[in-house]
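Chemist: sequence-free structure coming up:
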Ligand SMILES: Nc1ncnc2c1ncn2[C@@H]1O[C@H](COP(=O)(O)OP(=O)(O)OP(=O)(O)O)[C@@H](O)[C@H]1O
Ligand SMILES: [Mg+2]
């Protein structure tokens, strides 16, 4: 059994000895101040933690409760002990009573001082906690809480956490299995599941590829065009980059080699004569080419008067009145000769057609037949320019010429043609966009690549017309990360709506004038775009939004890795211009090399 009086006596004598030490007053004051301080802070924290359900809060609550209990126990113990001694002292002999009273007097001063100091420090700490620490901690708790749904309204600051990481793979691994199932492989989902479109759907629709430079339009082209080659289609690529894209020609060349189909390369920027734009063209086709390429149509301005005269003259030339127009240089020479005294009036037309005729790539009446690819399949790759004025004039004419050749075909006959038009703003013209529906019927599907909606223009029509035609005729779209606000909004609108949880919380103002969110969150369902503007702006590399094949989804495209090759077009026989200046220009070393197709 514990001898309680003896224990108390021993404790008292220890205390007695201690209390007579010189530093006892200060220590006592500090102990009392500390206890009061801790008591206040603990009570404040406990009060806040009352409604909090998080485990961290529960832990703190438990520690706080323990602390309060400890302080309370020691406080009660001290009080009981003090009362016992005080009452006991009254029964003691007088000299003891005086000593005990003296002791109380010497204790009371440091105890009161300590209590006041602890109270002040505690109140300051409670104010600081209430104004800064608790609101901060409450926000952290709210952020760290795992929500019951991951579909929620997005926040531009945190949306990247919701988006998947880039996926790298070799697309060729998926081509054969997809082809066997009658599907076209587009890319992989976040879960590595392949995303496909049925071949029938792909052939029935034009596809729009939208994304800024370097976003992956060329990579998507590699995947889609490689599969077209494997299906035995005719693939035509227009690439207005000088000398062609860095990778696409190499990828398509290696696919052609594997499939045993021809790969034809035309470079509009070299000095080599390579093809004849007017080969087998009828008078009507030539006049359409000239009207579009040289902008001879009506535009509702004063210049129409001259333009119409020029068009009438060009028409006569196209119909063979001044000699058979076998090629652009031949037509240019014939027109200039026939103009005679009217040359000054027709100067606009003659100069423009001269500029065209001076492009070395078309100074031949043989070379690569634009129609050959339609018959034999394989690839026709045309590298152009996004800067050279003459080439900019020629490029839309080549596209139009190919469309004319496709329009000639009977419905449902001939090989399917997949035509990839990179940077459409340099390539489209009104007759081409007007033919979008018809050529689909004639077995041609286009892949139209451009950077943003602003680039959706024709050389001879306003943006609204072009955008409308493309919008209606392209029912499949693959859109990469985008920053242009109008384009972002346009993509967002097409991804469809989903219901998500929108959170609402009550916020109250605490006594220290800080706002603290309540623990309870209310959730209500609201509509959000399936892939919204925040996501579109922060899509990871190689990730696009596929629209038009079921519900819109995120798709990862990955490049087809091949050895990079440099391509030189085969040269055809050069035809000489009859004009004096051009004859002089011709002398500077133009070679006549037999057409050998390709030399990588
Ligand atoms: N076959 C390949 N092998 C390795 N890297 C590739 C291959 N094809 C593309 N890339 C890389 O992938 C990235 C995207 O290129 P891509 O050609 O698709 O861009 P883009 O959207 O077509 O832009 P641009 O307007 O410049 O043509 C680039 O960094 C490019 O170097
Ligand atoms: Mg590209």
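Modeler: Now that the structure is in, tell me what you want to look at. Computed from a predicted model, the values in this text were never measured in an experiment. Ligands and ions are numbered 1, 2, ... in the order given.
Chemist: would you mind measuring from the residue sitting nearest the centre point of the chain to residue 174?
Modeler: Of all residues in the chain, the one closest to the mean position by Cα atoms, centre = their mean is residue 481, 1.3 Å from it. Taking Cβ to Cβ, to the nearest Å as the measure, residue 481 and residue 174 are separated by 23 Å. The C-beta positions use only the backbone N, C-alpha and C, and glycine is treated the same way.
Chemist: all strands for the stretch 451-600 of the chain, in order.
Modeler: Assigned by DSSP state E, counting those that start in this stretch, the strands in the stretch 451-600 of the chain fall at 474-480, 497-509, 515-529, 543-548, 550-556, 568-569, 598-599.
Chemist: which one of the ones you listed lies closest to ligand 2?
Modeler: Of all the strands of the stretch 451-600 of the chain, it is strand 474-480 that lies closest to ligand 2, at 10.8 Å by Cβ to the ion.
Chemist: identify the residues contacting whichever residue of the stretch 301-450 of the chain sits closest to ligand 2.
Modeler: Here the residue of the stretch 301-450 of the chain nearest ligand 2 is residue 422; by Cβ to the ion that distance is 5.4 Å. Each residue near residue 422 by Cβ atoms under 8 Å, 6 or more residues apart in numbering is listed here: 217-218, 221, 237-241, 245, 449.
Chemist: residue in the protein nearest to ligand 1?
Modeler: residue 218 (2.6 Å; Cβ to the nearest ligand atom).
Chemist: give me the phi and psi angles of that residue.
Modeler: Per-residue torsions, residue 218: phi -60, psi -40 (degrees, to the nearest 10).
Chemist: and residue 195, what's its pLDDT?
Modeler: With respect to pLDDT, residue 195 scores 94.
Chemist: what does it show for phi and psi?
Modeler: Dihedral angles of residue 195 (phi, psi; degrees, to the nearest 10) stand at phi -100, psi 120.
Chemist: and for it, the neighbour number?
Modeler: For residue 195, the count of nearby residues is 23 (other Cβ atoms under 10 Å).
Chemist: make residue 1 into 403 and carry on from there
Modeler: Renumbered: residue one is now 403, and that last one reads residue 597.
Chemist: show me the beta-bridge partners of it.
Modeler: residue 589 (DSSP bridges).
Chemist: what sits against it?
Modeler: Taking Cβ under 8 Å, 6+ apart, one finds 587-591, 948, 951, 955, 957 in contact with residue 597.
Chemist: ok, and the most crowded of the residues you listed?
Modeler: Among the contacts of residue 597, residue 588 has the most neighbours (other Cβ under 10 Å), with 28 neighbours.
Chemist: that one: what's it in contact with?
Modeler: Contacts of residue 588 by Cβ under 8 Å, 6+ apart are 596-599, 622, 625-626, 880, 948, 951, 957, 959.
Chemist: list the buried ones in stretch 820-837?
Modeler: By neighbour count with 16 or more other Cβ atoms under 10 Å, stretch 820-837 contains the buried residues 820-835, 837.
Chemist: distance to residue 567 for the contacts of residue 588 - can I get that in a markdown table?
Modeler: Converted to a markdown table, the contacts of residue 588 look like this (distance: Cβ to Cβ, whole Å):
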| residue | distance to residue 567 |
| --- | --- |
| 596 | 18 |
| 597 | 17 |
| 598 | 22 |
| 599 | 24 |
| 622 | 19 |
| 625 | 20 |
| 626 | 24 |
| 880 | 19 |
| 948 | 18 |
| 951 | 23 |
| 957 | 14 |
| 959 | 15 |
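Chemist: residues contacting the closest residue to ligand 2 within the chain?
Modeler: Closest residue of the chain to ligand 2, Cβ to the ion: residue 620 (3.4 Å). The contact partners of residue 620, by Cβ under 8 Å, 6+ apart, come to 647, 649-650, 824, 851.
Chemist: and if you look at residue 752?
Modeler: Here residue 752 is in contact with 734, 737-738, 741, 745 (Cβ under 8 Å, 6+ apart).
Chemist: and residue 822, what helix or strand is that in?
Modeler: Element membership for residue 822, per DSSP states H and E: strand 819-824.
Chemist: per-domain residue ranges of this protein.
Modeler: 406-546, 574-677+769-897+932-970, 685-758+972-1001 (automatic domain parsing).
Chemist: what residues does this structure have near ligand 2?
Modeler: Selection of the chain residues close to ligand 2 by Cβ under 5 Å from the ion yields 619-620.
Chemist: returning to that earlier point: which of the contacts of residue 588 lies closest to residue 794?
Modeler: Set against residue 794, the nearest of these by Cβ to Cβ is residue 622 (25.0 Å).
Chemist: name the nearest residue to that closest one, ignoring sequence neighbours.
Modeler: The shortest distance from residue 622 to any non-neighbouring residue, by Cβ to Cβ, 6 or more residues apart in numbering, is to residue 959 (4.9 Å).
Chemist: ok, that neighbour - contacts?
Modeler: Contacts for residue 959 (Cβ under 8 Å, 6+ apart) come out as 573, 588-589, 618, 621-622, 625, 880, 944, 946.
Chemist: any idea how far it is from residue 945?
Modeler: Applying Cβ to Cβ, the value for residue 959 to residue 945 is 8 Å.
Chemist: quick check: pLDDT value at the residue of the chain closest to ligand 1.
Modeler: On pLDDT, residue 620 comes in at 94.
Chemist: and residue 772, which of the three is it?
Modeler: Secondary structure, DSSP: H, G, I helix; E, B strand; the rest coil: residue 772 is coil.
Chemist: my guess is it meets residue 680, correct?
Modeler: No - counting by Cβ atoms under 8 Å, residue 772 stays clear of residue 680, with 10.1 Å between them.
Chemist: so where's this protein uncertain?
Modeler: In the predicted model, the chain carries pLDDT under 70 at residues 403, 452-459, 490-492, 494, 547-552, 701-706, 814, 921, 980-1002.
Chemist: get me the contact residues on it for ligand 1.
Modeler: The chain has residues 613, 615-621, 647-649, 653, 961-964 near ligand 1, with proximity defined as Cβ under 6 Å from any ligand atom.
Chemist: hmm, 8 Å instead?
Modeler: 611, 613-624, 643, 647-650, 652-653, 824-825, 851, 853, 882, 943-944, 961-964, 966 (Cβ under 8 Å from any ligand atom).
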